[in-house]
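Student: Here's a sequence, model it:
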Amino acid sequence: MSRLVPSSYCQAIVASVVFWFSGMSQAGVEVRSADIEPTDSRTEISFDLSSTCTYKVFSLDKPDRLVIDIADGKLGPRFRPAEGGVVKTMRTGRPTAESLRIVLDLEHSTRPRSFLKTGGSGRILTIELDGGKSRPRIVRSVRELETVDTRDILVAIDAGHGGVDPGASGPSGVREKNVTLELAKELAAAIDAEPGMRAVLTRDRDVFIPLQKRYQIARKAKADLFVSIHADAFGNRAARGSSVFMLSRRGASSEAARWLAQKENAADLVGGVKLVERDSSLAAVLLDLSQGATLEASQQVANNVLRGLGKVNTLHKHEVQRANFVVLRSPDVPSILVESAFLSNPEEERKLNSAVERRKLAAAVLTGIRDHFHAKPLPGTWIAAHRQTPREHIVAPGETLAVIAMRHGITVTSLRQANDLRSDDLRIGVVLRIPQQT
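Tutor: Purely as a prediction, here's the structure:
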């Protein structure tokens, strides 16, 4: 008979109380497989783990989802997402460098029950959900019928270089085009696992894409943000650190002139406004307004991403840089370029070639993006609809109240009051409520 590790109910709507379950977590817990078995009354999801783990389970609504975070977790080589019963799809990602997130998109809201049990050479994490093979979606109230659909924030991620354009090379031969692709995929997975956000890649394989087409892909997808990933190089191998760039005013001006000169751009110049030849002055004004708002948003998100990178890597430049990069020239999509590290530096080349270090960089960029859109949520998005719900932060090793407050743009006093803390001592794994910025 299998031995059950302590079980408990865990239910949360949006961002209410989150419970951590611990079974003396070991580093590097591998999720080897996922299996879903629906019955007429319930759906059972089983994850085969290499060892016991620390995990948390919580629910989100609009749309209904279940989130499982596994500390020090990683996917095994044979892991494949499963679906069935009330589980429509299964997605994975990394909200932080130290945890694995599994997101289940559900047919309807349900109360989860979870427990760990021994199973062969490891442990089985089992999640039981109410509802089985064909339970219809339940509308809980008339008010819900009136709820306006909300959309996810869409982030376009551009892996620099590719195909016949290898980019820079490190001392041991690591190529920039390969590093940026892996880092872009890591960031996309982290964004897809973030509630209210979704990612699209300009390239998902080793292929060459012209510079202008990269930001055009973002525009066609109606992206809310464009992030181009690169790895810097310099003749001096001692150069190191991360940098974040946005488009210069000169670059914006030259791009505006190019757009105004090309008649084929008139139909979608600014939000689909159709402009005829006699409206050239109006076109210039509209484009100037659009670019002004885009550059302002680019500056804000760049500042947040730079702050996030500064927590995991040396900063080569402590302020956002401006340059006339072609990929940043979209007039209506806020765009930034991240120089993740110096590939020409032997130590940073080793980091960029490490999946663990790339994961840390991706988590840092995600933190900046998340903080930007939570501080300034776009109307009609899931994040805007849930803005009043307090955010949460799980205390990581080495973090202090001051560090956490700075990261979320709040004061230590407000953080202490929101969590009724009598001292500044923190335990690793504790979930803190993050009050709204004032």
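Student: CA only for contacts and neighbour counts going forward, please
Tutor: OK.
Student: which residues are contacting the helix or strand where residue 369 lies?
Tutor: Assigned by DSSP states H and E, residue 369 belongs to helix 355-375. The contact list for helix 355-375 (Cα atoms under 8 Å, 6 or more residues apart in numbering) reads 94-97, 182-184, 186-187, 190-191, 300-309, 311-313, 340, 351-352, 383-384, 387, 408, 437.
Student: Quick check: mean pLDDT of that helix?
Tutor: In this model, helix 355-375 has an average pLDDT of 90.
Student: any idea which helix or strand comes after it?
Tutor: Following helix 355-375 in sequence, per DSSP H and E, is helix 382-385.
Student: Just the CA trace of that next one, in PDB.
Tutor: The C-alpha trace of helix 382-385 is given here as PDB (Å, rounded to 0.1, in the frame of the first residue of the first chain):
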ATOM      1  CA  TRP A 382      -6.800  40.200 -18.000                       C
ATOM      2  CA  ILE A 383      -4.200  42.100 -15.900                       C
ATOM      3  CA  ALA A 384      -6.200  45.300 -15.900                       C
ATOM      4  CA  ALA A 385      -9.400  43.400 -14.900                       C
END
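Student: Check which helices and strands whichever helix or strand comes after it sits against.
Tutor: Note on helix 382-385: by DSSP H and E, the next helix or strand toward the C-terminus is strand 391-394. Contact here means 3 or more Cα pairs under 8 Å, 6 or more residues apart in numbering; DSSP states H and E; on that basis strand 391-394 packs against strand 431-434.
Student: so what strands line up beside the strand it packs on?
Tutor: strand 391-394 (antiparallel) (DSSP bridges).
Student: Can you say which helix or strand has residue 198 in it?
Tutor: Per DSSP H and E: strand 197-201 holds residue 198.
Student: Neighbouring strands - and their directions - for that strand?
Tutor: According to DSSP bridges, strand 197-201 forms sheet pairs with strand 153-159 (parallel).
Student: Show me what counts as buried in the helix or strand following the strand it pairs with.
Tutor: Using DSSP H and E, the next helix or strand after strand 153-159 towards the C-terminus is helix 176-192. Using 16 or more other Cα atoms under 10 Å as the test for burial, helix 176-192 gives 176-192.
Student: again, but for stretch 231-246
Tutor: For stretch 231-246, using 16+ other Cα under 10 Å, the buried residues are 231-233, 237, 239-246.
Student: Ends of that stretch, what's the gap?
Tutor: 16 Å (Cα to Cα, to the nearest Å).
Student: do stretch 81-101 as well
Tutor: 12 Å.
Student: Repeat that for stretch 340-350.
Tutor: With Cα to Cα, one end of stretch 340-350 sits 13 Å from the other.
Student: try stretch 49-56
Tutor: 15 Å.
Student: tell me how far that stretch is from the chain's mean position?
Tutor: 23 Å (Cα atoms, centre = their mean, to the nearest Å).
Student: average pLDDT for it?
Tutor: The model assigns stretch 49-56 a mean pLDDT of 85.
Student: sorry, back to before: would you mark the buried spots in the helix holding residue 369?
Tutor: In helix 355-375, the ones that count as buried by 16+ other Cα under 10 Å are 357-375.
Student: picking that back up, taking the contacts of helix 355-375, please make a ChimeraX selection of just the buried ones.
Tutor: Selection of buried members from those for ChimeraX, criterion 16+ other Cα under 10 Å:
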select :94,95,96,97,182,183,184,186,187,190,191,300,301,302,303,304,305,306,307,308,309,313,340,351,352,383,384,387,408
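Student: center of the protein - which residue?
Tutor: When Cα atoms, centre = their mean is applied to the chain, the residue found nearest the centroid is residue 191 (2.3 Å).
Student: Look up how far residue 104 lies from that one.
Tutor: In terms of Cα to Cα, residue 191 sits 15 Å off from residue 104.
Student: now residue 321
Tutor: Computed as Cα to Cα, the residue 321 to residue 104 distance reads 39 Å.
Student: For those two, indicate the residue with more neighbours.
Tutor: residue 104 (24 against 16; other Cα atoms under 10 Å).
Student: got a pLDDT number for that one?
Tutor: On the pLDDT scale, residue 104 gets 90.
Student: right, and it touches residue 65 too?
Tutor: Yes. Using Cα atoms under 8 Å, residue 104 is in contact with residue 65, at 5.4 Å.
Student: hang on, the earlier thing: same list, the buried residues of stretch 231-246, but as a markdown table with pLDDT, distance to residue 130 and secondary structure please.
Tutor: Shown next, in a markdown table, are the buried residues of stretch 231-246 (pLDDT from 0 to 100; distance: Cα to Cα, whole Å; DSSP: H, G, I helix; E, B strand; the rest coil):
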| residue | pLDDT | distance to residue 130 | secondary structure |
| --- | --- | --- | --- |
| 231 | 91 | 47 | strand |
| 232 | 82 | 51 | strand |
| 233 | 83 | 54 | coil |
| 237 | 84 | 58 | coil |
| 239 | 86 | 56 | coil |
| 240 | 88 | 52 | coil |
| 241 | 89 | 49 | coil |
| 242 | 92 | 47 | strand |
| 243 | 90 | 48 | strand |
| 244 | 93 | 46 | strand |
| 245 | 91 | 48 | strand |
| 246 | 90 | 48 | strand |
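Student: That's all I had, so thanks and see you.
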